[in-house]
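In: With the sequence up front, the predicted model follows.
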Amino acid sequence: MKFTSPLPITALSAAAVIGLGGCSVLPSSAGAPDGPFPQTIDSPYGTTTIEDAPTKIAVASPTDLDIALALGAEPVIAPATGGDDEFSPWVQSALEDSGAEAPQTYDGTDGPDIAAITQAEPDVILATGLEDAGDHFDDLSEIAPVVAAAPDATWTDRTAAVATALDTADKAKQVVGDITTEAEDIAGRHLEFEDTTYTVADVQKSSIDYLSYDGSDDSFFSGLGLLPASAASSYSAEEHSVKKAKVDDLDADVLLIHFPDTGKGLLDESDLADPFYREVKVIRGKHYAVLSDDEFAALTNLSPLSYPWLLDELPDAIGKAEQGEA
């Protein structure tokens, strides 16, 4: 995965642990006489220095809430993440399992609620998963140090940056290692996944978004042994819209497709039986799986909480799609 701005060496080490199990994720200053702080974290939007161990943590994205909870922290404020429910299923499970108090929430539809976050008086703001972090970085920095990441950062990059800020690198290494082991175990039970190609698509009103584009975070699928379809190289983070005339680009051994829950998109689930779309080999052969809203949200916002939740939810569906049992 490419970076638009480098993370510090400590964060890069943490991010590498999923692929290189022997790499240390401990901050380089962890053994220093004056302790692990201050910590300095770079992002495309600026450099953040955290002088002391944070005690009141605000999060500016659902992904950062996941990471904080996975690392044992208890944020004081977060955006609501679960649609009709206040939190996603994996966050609800984490709160129940840990007995942690649920954070105060705000409506994050239009971005961070500056007033609500200010009132919470945090001493650090986690924004590694905030899509438009550059638009809010300066305003958030007026409240507290902001931990952000490059737009193309992987879930391990984001976890590493947060672990550096919270001085929880040992916990991060354990969490990432456990997920890696679980994914390897599942891949071992699904030998049919090896070298199977996949496409992830999201239906929009006038097009279909090709989300497994070249450079996307493919760690969930690669961890199971799957490979991006050949058409992935034709799409990027900047251009991933599939027009109706190019619908053949969805072809792969397995198609994972998400449909909007409101309004009419370019196609809906019933359209998969239409002769036009059945000309697409992966659809005609019923080698597809329809993603629920929760599955889609977890897959497009990978984190130390959503990843293991997906490992419980998706492998059997992928296996059925590979066998043409849609």
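Out: Thanks, I have the structure now. Numbers count the residues shown, from 1 in each chain.

In: Report the contact partners of residue 280.
Out: Residues near residue 280 by C-beta atoms under 8 Å, 6 or more residues apart in numbering: 247-248, 250-251. Using the backbone N, CA and C atoms, a C-beta is placed for each residue, glycine as well.

In: could you redo the last one with a cut-off of 10 Å?
Out: Remark: with contacts taken as C-beta atoms under 10 Å, 6 or more residues apart in numbering, residue 280 is in contact with 247-251, 255, 272, 288.

In: neighbours around residue 187, how many?
Out: One way to gauge burial is a neighbour count; for residue 187, by other C-beta atoms under 10 Å, it gives 17.

In: which ones are touching it?
Out: 193-194, 222-226, 315.

In: redo that, cut-off 7 Å
Out: When contacts are counted by C-beta atoms under 7 Å, 6 or more residues apart in numbering, residue 187 is found next to 193, 224-225.

In: Tabulate those (JSON lines), appending pLDDT.
Out: Formatted as JSON lines, these follow (pLDDT from 0 to 100):
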{"residue": "193", "pLDDT": "96"}
{"residue": "224", "pLDDT": "96"}
{"residue": "225", "pLDDT": "96"}
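
In: Mind picking the one among the residues you listed that's closest to residue 95?
Out: Ranking the contacts of residue 187 by separation from residue 95, with C-beta to C-beta as the measure, puts residue 224 on top at 27.5 Å.

In: Show me where the stretch 51-200 of the chain has its helices.
Out: In the stretch 51-200 of the chain, helices defined by DSSP state H, counting those that start in this stretch lie at 62-70, 89-98, 114-120, 133-141, 155-166, 169-189, listed in chain order.

In: With the stretch 201-326 of the chain instead?
Out: Along the stretch 201-326 of the chain, the segments classed as helices by DSSP H, counting those that start in this stretch run 219-222, 281-284, 293-300, 306-313, 315-322.

In: Next, the buried residues of the first one.
Out: Translated: helix 219-222. Of all the residues in helix 219-222, those buried under the rule 16 or more other C-beta atoms under 10 Å are 219-221.
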